[in-house]
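Colleague: Need a 3D model of the following:
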Amino acid sequence: MNTNPDRPPPVYAPELLKGQKALVTGANSGIGRATAIALGRSGADVVVNYVSDRPAAEAVVAEVRSHGVRSYAQQADVSQEDQVIDMVSTMVDRLGTIDILVANAGLQRDAPTTEMTLAQWEKVISVNLTGQFLCAREAIKEFLRRGVVPEVSRSAGKIICMSSVHQTIPWAGHVNYAAAKGGVAMLMETLAQEFAPQRIRVNSIAPGAIKTPINRGAWETPEARSALLELIPYGRIGAPLDVANAAVVLASDLCDYLVGSTLYVDGGMTLFPGFATGG
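Modeller: Numbering: from 1, shown residues only. All right, here's what the predicted structure looks like:
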């Protein structure tokens, strides 16, 4: 029994995604790692994308395989068109197709706006926004080629764009990140509108404060944790598994009628708790 209030229980439904093929970008750590493992636990074969740290990616592959499904690691920089094309093409060759894309790869290069370099701006936009476009484009090509296979899924393909509460909440000192996530929101909605008639479902997950290496400074010390909790009405900081569980359900036919939506996994952060007592 899970008795830790800060750690959610995993979704355990090994038939939920049985026979489906998933690609998770940025899957060697954090939210991507948890999502890859959760998809494998739910019956999907999983490609674990990474850009660096192959040993970490191979450790994720081993854990995914422990659930009786296929998995392998694929190095690719999602901001590079040729590498994304090769990654999806290789997946189709090795696994037969792609049914689920979780476009999760992302990074931060923070600075006050007046001190932010063009290189910092372009790096975040290229990975966090352009990378999602490139991965989605290549996945959609395969979805359209293959069409719906009813015994596998009710849809021709599912894309989950990993966004952030900062597609809605401005974030001073992180203008590149917030702009990229705002772009992800419109990217997702436009793709959903364009390809829903072909039975392709595109949605987003927007995590709030999640305990991952990218934001360790925001929760690691008691002082930082206390300040962060003031922004979270639910009273705990999220775990990668919170997002992974949502991704599993969103990728399944349980959410077959969910199209063009953003699912906020944030403990209520977007409720703007500072206004709970009238502002």
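
Colleague: CA atoms for contacts and neighbours, from now on please.
Modeller: Fine.

Colleague: neighbours of the residue nearest to residue 235 when sequence neighbours are not counted, just the number please.
Modeller: Nearest non-adjacent residue to residue 235, counting by C-alpha to C-alpha, 6 or more residues apart in numbering: residue 229, 6.1 Å away. Residues lying near residue 229 (other C-alpha atoms under 10 Å) number 17.

Colleague: got a list of what residue 229 touches?
Modeller: Shown in contact with residue 229 (C-alpha atoms under 8 Å, 6 or more residues apart in numbering): 235, 236, 237.

Colleague: ok, and the second one, which helix or strand is that part of?
Modeller: For residue 236, there is no helix or strand it lies in under DSSP states H and E.

Colleague: looking at it, it is touching residue 267, isn't it?
Modeller: Yes - at 7.4 Å, residue 236 and residue 267 qualify as touching, with contact defined as C-alpha atoms under 8 Å.

Colleague: What is the distance between the biggest helix by length in the chain and the centre of its chain?
Modeller: In the chain, taking DSSP state H as the definition, the longest helix is helix 175-195. Averaging C-alpha positions (C-alpha atoms, centre = their mean, to the nearest Å) puts helix 175-195 13 Å from its chain's average.

Colleague: helices or strands next to it in the packing?
Modeller: Packed against helix 175-195, as judged by 3 or more C-alpha pairs under 8 Å, 6 or more residues apart in numbering; DSSP states H and E, are the following elements: helix 118-125, strand 200-207.

Colleague: one step back: from the contacts of residue 229, which is closest to residue 21?
Modeller: residue 237 (30.7 Å; C-alpha to C-alpha).

Colleague: Next up, the contacts around that closest one.
Modeller: Contacts of residue 237 (C-alpha under 8 Å, 6+ apart): 6, 209, 210, 211, 228, 229, 267.

Colleague: So it versus residue 120, what's the distance?
Modeller: As judged by C-alpha to C-alpha, to the nearest Å, residue 237 and residue 120 stand 28 Å apart.

Colleague: And for stretch 186-203, what's in contact with it?
Modeller: 133, 140, 143-144, 147-148, 155-161, 204, 256, 258-263.

Colleague: Can you point out the buried residues in it?
Modeller: 187, 188, 189, 191, 192, 199, 200, 201, 202, 203 (16 or more other C-alpha atoms under 10 Å).

Colleague: pLDDT value on residue 163, please?
Modeller: On the pLDDT scale, residue 163 is placed at 97.

Colleague: residue boundaries of the helices in the chain?
Modeller: Under DSSP H, the chain gives helices at 30-41, 54-65, 81-95, 118-125, 131-146, 175-195, 222-229, 240-251.
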